[in-house]
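Colleague: One predicted model, sequence on top.
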There are 2 protein chains.
Amino acid sequence: MTKITANNPDRKSWIQIGKDSDFPIQNIPFGIYSDKGTSPRTCVAIGNKIADLYELANRGYLDDLGITADDFKKPELNDLMKSGKMGMRKLRNRLADLFDTNTPDLQSKESDISAILKPQRSVTMHLPVRVGDYTDFYSSIEHATNIGTMFRDPKNALLPNWRHIPVAYHGRSSSIVPSGVAIHRPKGQTRPNPEEPPVFGPTKRLDFELELAFVTFDGKPMGDSISTEEADDYIFGMVLFNDWSARDIQKWEYVPLGPFLAKNFASSVSPWIVTLDALEPYRTLGPAQNPEVLPYLEFEGEKNIDINLEVAIDTGSGEETAICFSNYKYLYWTLNQQLAHHTVNGCNIRGGDMMASGTISGSKPTSFGSMLELSWSGSKPIKLADGTQRTFVNDGDTVIMRGHAMGNGVKIGFGEVRTKVLPAK
Amino acid sequence: MTKITANNPDRKSWIQIGKDSDFPIQNIPFGIYSDKGTSPRTCVAIGNKIADLYELANRGYLDDLGITADDFKKPELNDLMKSGKMGMRKLRNRLADLFDTNTPDLQSKESDISAILKPQRSVTMHLPVRVGDYTDFYSSIEHATNIGTMFRDPKNALLPNWRHIPVAYHGRSSSIVPSGVAIHRPKGQTRPNPEEPPVFGPTKRLDFELELAFVTFDGKPMGDSISTEEADDYIFGMVLFNDWSARDIQKWEYVPLGPFLAKNFASSVSPWIVTLDALEPYRTLGPAQNPEVLPYLEFEGEKNIDINLEVAIDTGSGEETAICFSNYKYLYWTLNQQLAHHTVNGCNIRGGDMMASGTISGSKPTSFGSMLELSWSGSKPIKLADGTQRTFVNDGDTVIMRGHAMGNGVKIGFGEVRTKVLPAK
């Protein structure tokens, strides 16, 4: 069992890092980048730079970790992640040491540094993993209550199974794209008037959903389960996740088998996998669970995580309006419970699977994690900085999500997921 | 546009093929095999043999097709399928020529033949493709009506959207396994008594679902759609698909986001992808669609396919009892409509995606494609040849699905998907 040494709040780096940077030496999130001369490969973020891990490995800085340099040269992190929780922890510990002011190795080698560090603004970030399967949970009690109130019956907003099961459904992995990739407004069937036949056209209720997704390591064979206690060992890290939704399509299609075309046209993720190791100092207690859960869902200790989240819209003016302030710690179900539930039937997981939280809403109206909730199904328009207002997302709008944990003078940030909406094709 | 020449019913092969074989020269389905000396690679079925396409290519028999020999040496068909509908058609046409009595090339080369042809019983068949995303439709009106009657309300069994939308949901790709791989009975939450809290344990209602799945080629970029007319060009072929289900888990979990743990513990597929080209002669008219569908779901010509299907159970006695006789042509929605609907919102598809039909039930009780329907929710036990009876699937039972199209003296068979059920771990 390797200890996490990278998180030490007293560490300083010889690399210049801004005070408000998402990526201090205590973070070191993993991603895949390319630039003009470089095909997609592994990197980490440090300050406003990326560090190319293939170049590091090639120069011997990552020796004795049981990872070959070629594993850093792949266009997805999946092969690298085969080294598992302890392998990735050792790697991140080593990187923190290399970037530390107290370690002379790399900081003294000017020519190595120039091959390894590049400005983030000069590179293109890609999807960090090949997503085998994508699952979306529904773990915010406030969101489930809001949706149940609007889609079904305010008196029975929360369905009978909700407090017993971390409810989830399978989503589409092919349409998960990284920050910066624009998406098209989807078309589909809706039935605005139940007395008339359904109609076809671009959605009139395009929405975002503010979520975080965790990325798994390879799991156990089919038929085996992962307990809440074991779950941390099978989770690599987390990304911001915008689960785009078309509410009018969803309303007409989702009974009885769940959302399908209302969701599978696109999901957008931030490019950096912030490791669960880096987030451990920010674990906290979640809401009390009542009634008691079944034994396979019980867990010990503080398993929620205190991560501040924000959604902003830029209508094209270049001026952002922050419209939602939420926190991952509001979730009723923890990631440990989510993974234990997902595998309790013997379902196997693979490295690179993404499991998203579901929309993260809090109890205050400004903490609701979707336009559907913020505008209360279109009845309360949201005023923006440029003088316009929105009930749902318009063509030309850019939606930006950001998140960070903070404590002991350390900020562990996620960067952002930024997506422009183009008209329907 | 390359014509299909492989289907000619008058073709005869110099390879000995039994009269009742699923794999005459007019079929030539694709798969992945391995044996003691061979790592997984591409093959086709012909009679009771497999033909190793890497060995064929290596000897120059597959030259001028724009496919390199190495593409046949991969453990999945995905890379080979990048040659697209026309590429795979040319390949299959060439193989039919090579196996034809009228072509001297291969049949005269004794030493080549012994390297290329191997008995099917001597090799292991694998999953033919790496499944990117798996979608399950719900396209049998008889099945949807039966399920609605049992799970919800007999008076409103078919939901209002069913005749307008080829309803579907996303499933789990990680747990799709080929014929021959045993599965474990899943555990999970159920709530047998709505007045009492839920309980945990192995499912008491393990079920199969008789389905066929089509396998896609790479599609268009995100944001684009595939029309019903274009759909055939994006479909490679079909496999038998057993969508294992746990009915008691399903009943408690599925509202409002659809089935999850009730399905994702395992799905079993037959190892041979029977090409849509080989099935073209068996296209037929499906049920009339009423009310009229929206324009994007309209299609011309006969687009259902006449494929006889059968499910049998062997309790371990070695004696099979056939318990279901159905036909793919019963489906209300065609595969062309399914693919057009799936992509109408801009959802992108990738080579190797699987889209299953949903349970294929007909109107007669003996044609119902699941135990839930055959035993009418457990109320009508099914008598088996060994004197026992079943309402759902027991530990130790083996479920076998088979299918074939037939006409002009030609039988296009799928082989089988055979799965033994082991006790919960």
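Modeller: That came in fine, so what should we check first? These numbers come from a predicted model, not from an experiment.

Colleague: Please report how far A:Gly47 lies from chain B.
Modeller: 33 Å (CB to the nearest CB, to the nearest Å). Backbone N, C-alpha and C define where each C-beta goes, glycine included.

Colleague: Secondary structure element holding the residue in chain A positioned nearest to chain B?
Modeller: Per CB to the nearest CB, A:Gly258 is where chain A lies closest to chain B, at 2.8 Å. Assigned by DSSP states H and E, A:Gly258 belongs to no helix or strand.

Colleague: In contact with it, which residues?
Modeller: By CB atoms under 8 Å, 6 or more residues apart in numbering or on different chains, the residues touching A:Gly258 are A:Tyr169, B:Tyr169, B:Tyr254, B:Pro256, B:Leu257, B:Gly258, B:Pro259.

Colleague: is it true that the last one touches B:Arg247?
Modeller: What that stands for is B:Pro259. No: under the criterion of CB atoms under 8 Å, B:Pro259 is not in contact with B:Arg247, lying 9.9 Å apart.

Colleague: Which pLDDT value goes with the residue of chain A positioned farthest from its centre?
Modeller: What lies farthest from the middle of chain A is A:Glu195; by CA atoms, centre = their mean that is 40.3 Å. We have a pLDDT of 95 for A:Glu195.

Colleague: mind listing the helices for the stretch 1-150 of chain A?
Modeller: Taking DSSP state H, counting those that start in this stretch as the criterion, the stretch 1-150 of chain A carries its helices at A:53-58, A:84-99, A:104-107, A:110-116, A:141-151.

Colleague: can you tell which of those is closest to A:Trp14?
Modeller: When those are compared by CB to CB, helix A:104-107 sits nearest A:Trp14, at 4.2 Å.

Colleague: my read is A:Ser363 is in a helix, agree?
Modeller: No: A:Ser363: not assigned to a helix; according to DSSP: H, G, I helix; E, B strand; the rest coil it is coil.

Colleague: all strands of the stretch 301-425 of chain A, in order?
Modeller: Remark: strands assigned in the stretch 301-425 of chain A by DSSP state E, counting those that start in this stretch are A:304-305, A:308-314, A:320-327, A:354-356, A:382-383, A:389-390, A:398-407, A:410-422.

Colleague: Buried deepest among those, which one?
Modeller: For the strands of the stretch 301-425 of chain A, the largest average neighbour count (mean count of other CB atoms under 10 Å in any protein chain shown) is found in strand A:354-356, namely a mean of 26.

Colleague: hmm, it touching chain B?
Modeller: No: Strand A:354-356 lies out of reach of chain B by CB under 8 Å from any CB of the partner chain, never closer than 11.9 Å.

Colleague: Likewise for stretch A:181-189?
Modeller: Yes: using CB under 8 Å from any CB, stretch A:181-189 reaches chain B at A:Ile183, A:His184, A:Pro186, A:Lys187, A:Gly188, A:Gln189.

Colleague: about what we covered before: now distance to chain B and mean neighbour count too, for the helices of the stretch 1-150 of chain A, in CSV please.
Modeller: Below are the helices of the stretch 1-150 of chain A laid out as CSV (distance: least, CB to the nearest CB, whole Å; neighbours: other CB atoms under 10 Å in any protein chain shown):
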stretch, distance to chain B, mean neighbour count
helix A:53-58, 24, 21
helix A:84-99, 18, 20
helix A:104-107, 38, 15
helix A:110-116, 33, 13
helix A:141-151, 8, 20
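
Colleague: okay, these in TSV with mean pLDDT next?
Modeller: Putting the helices of the stretch 1-150 of chain A into TSV (pLDDT from 0 to 100) gives the following:
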stretch	mean pLDDT
helix A:53-58	97
helix A:84-99	98
helix A:104-107	93
helix A:110-116	97
helix A:141-151	94
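
Colleague: What's the end-to-end length of stretch A:235-255?
Modeller: One end of stretch A:235-255 to the other measures 32 Å (CA to CA, to the nearest Å).

Colleague: Next: stretch A:337-349.
Modeller: Span of stretch A:337-349 from end to end, CA to CA: 15 Å.
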